[in-house]
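J.: I would like to see how this sequence folds:
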Amino acid sequence: MKTLFEKVLAAKEILQGVAASTPLCKNENLSRDLDAHIWLKREDLQPVRSYKLRGAYTKIISLTPAQQKAGVICASAGNHAQGVAFACRKLDIRGKIIMPVTTPLQKIKQTRFFGAGNIEVILSGETFDDACKQALLIAGEEKLNFIHPFDDEMVIAGQGTIGLEILSDAIFPVDYLFVPVGGGGLAAGLCTVFQHLSPDTKIIGVEPKGAASMQYAMAQGKNMPLTEIDKFVDGAAVKEVGAITFSICRSLLTDILPVPEGQVCSSLLRLYNEDAIVAEPAGALSIAALDHYAAQIKGKNVVCLLSGGNNDITRMEEIKEKSLLYEGCKHYFLIDFPQRAGALKELLNDVLCNQEDIVYFKYIKKNGRETGPAIIGIELNEEKRFPLLEYKLRAKGFHFQYLNENHRHLL
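T.: Numbers count the residues shown, from 1 in each chain. Presented below is the predicted three-dimensional model:
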């Protein structure tokens, strides 16, 4: 029986000519700003634009000929789906892929593209966990082989090959490794490799704050599901991590760090604007964690795993919105306006200045009343201007409620 590390070494040979050996690139912007040596492992440059191809292909090719002939099925919010689809087409295996109905359209289209005529995409459920239940039900009914996205040793072994590449390409000792965590397959694979080949490296798992399932399980001392999650970081939003992955990560991760979704968006936009790198939210998790470790990584060699670049361009407005809210540069108010001409003009002339702009306005006129409420979104060029904005609103007699935490249901 092979150990997991031996399976990783075998997976490296299996993936020759299938998965790309992606570059390890120094990021000068991040390195300068953090006074550290920041390197990005560019898994967004895989043929399917994420690392998931490694694990999916390694698992599917390990099936017996009879199992391959029967076909496969998986559940995925996008990247694992594309890896399975790619493998199905390359190995000429039929497959069914269950994706949540909330999956970005770009990922659905790409899954169909990579699978061509070999796969069928079925949309089911609101979350990955919902889709997984449906996939397991169909697998039992149709005798298909379920390809788990993370809780499977062969999948973990495939993802672990990234660690072999990092250590092969790095011309320096890796002091810190930041890795995104969803179900934990990637982190488990990397932990396994680094435990054997670079045990002094500190490995930091990074989760979205709204779906911090690994941190929750570790705090409970056993693998337990979250009752609800924020689905925004779709590539890493699961209610429950894997049993195998939890066991490995619990003992080998140095730390598990949840980061706010808004900060993830800010990091994603920074990568795009400064380095022309298109990352998806889950792909930017490791970058978002750096600020939280700024003191510890100063002067150190740091590798951030950029796990994927499957971002739907139609999400960019939502990403920008979340970033601005996190940065304190966008604010929503419910303001009572006098029911008379010129009230809005007073707000524009007497309250706002050149660095501020109204980016949302919804007026609800109330007949027979002296005032009427309006929902207003105001964008600032820097967070520190917000106290002055509130002061001027009050000074000019505008009665308002601050809505940033609860504005969504009002818009």
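
J.: pull the CA atoms of stretch 314-329 into CSV?
T.: The C-alpha trace of stretch 314-329 is given here as CSV (Å, rounded to 0.1, in the frame of the first residue of the first chain):
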residue,chain,number,x,y,z
THR,A,314,-20.4,40.0,-15.5
ARG,A,315,-19.4,39.7,-11.8
MET,A,316,-17.0,42.6,-11.9
GLU,A,317,-19.6,45.2,-10.8
GLU,A,318,-20.4,43.1,-7.7
ILE,A,319,-16.7,42.6,-7.1
LYS,A,320,-16.1,46.3,-7.3
GLU,A,321,-19.0,47.0,-5.0
LYS,A,322,-17.8,44.6,-2.3
SER,A,323,-14.3,46.0,-2.5
LEU,A,324,-15.5,49.6,-2.1
LEU,A,325,-17.6,48.6,0.9
TYR,A,326,-14.7,46.8,2.5
GLU,A,327,-12.3,49.7,1.8
GLY,A,328,-14.8,52.2,3.4
CYS,A,329,-15.2,54.1,0.2
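
J.: element containing the closest residue to residue 181 other than its chain neighbours, please.
T.: By the measure of CB to CB, 6 or more residues apart in numbering, the closest residue to residue 181 outside its immediate chain neighbours is residue 205, 4.1 Å from it. The C-beta positions use only the backbone N, C-alpha and C, and glycine is treated the same way. In this structure, residue 205 is located in strand 202-208 according to DSSP states H and E.

J.: Buried residues of the next helix or strand after that strand, list them for me.
T.: Scanning forward in sequence from strand 202-208 by DSSP H and E, the next helix or strand is helix 213-220. Buried residues in helix 213-220, defined by neighbour count with 16 or more other CB atoms under 10 Å: 213-218.

J.: Could you list every helix and strand that helix 213-220 packs against?
T.: Of the remaining helices and strands, those touching helix 213-220 by 3 or more CB pairs under 8 Å, 6 or more residues apart in numbering; DSSP states H and E are strand 202-208, helix 243-252, strand 255-259.

J.: Distance from the first one to the middle of the chain?
T.: Think strand 202-208. Mean C-alpha position of strand 202-208 versus that of the full chain (CA atoms, centre = their mean, to the nearest Å) differs by 12 Å.

J.: and that strand, C-alpha only, in PDB?
T.: Coordinates of each C-alpha in strand 202-208 appear next as PDB, following Å, rounded to 0.1, in the frame of the first residue of the first chain:
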ATOM      1  CA  LYS A 202       4.900  27.600   7.600                       C
ATOM      2  CA  ILE A 203       1.700  26.700   5.700                       C
ATOM      3  CA  ILE A 204      -1.200  29.100   6.100                       C
ATOM      4  CA  GLY A 205      -4.600  28.000   5.000                       C
ATOM      5  CA  VAL A 206      -6.900  30.900   3.800                       C
ATOM      6  CA  GLU A 207     -10.700  30.700   3.800                       C
ATOM      7  CA  PRO A 208     -13.400  33.100   2.900                       C
END
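
J.: what residues does that strand touch?
T.: 175-182, 184, 187, 190-191, 194, 213-215, 230, 232-233, 236-237, 249, 252-259, 261, 264, 281-282, 285-286, 288-289, 293 (CB atoms under 8 Å, 6 or more residues apart in numbering).

J.: quick one: it to helix 243-252, angle?
T.: Relative orientation of strand 202-208 versus helix 243-252 (axes from the mean of the first three to the mean of the last three CA atoms, to 10 degrees): 130 degrees.

J.: Within its sheet, name the partner strands of strand 202-208 and how each one runs.
T.: Here strand 202-208 is paired, per DSSP bridges, with strand 176-180 (parallel), strand 255-259 (parallel).
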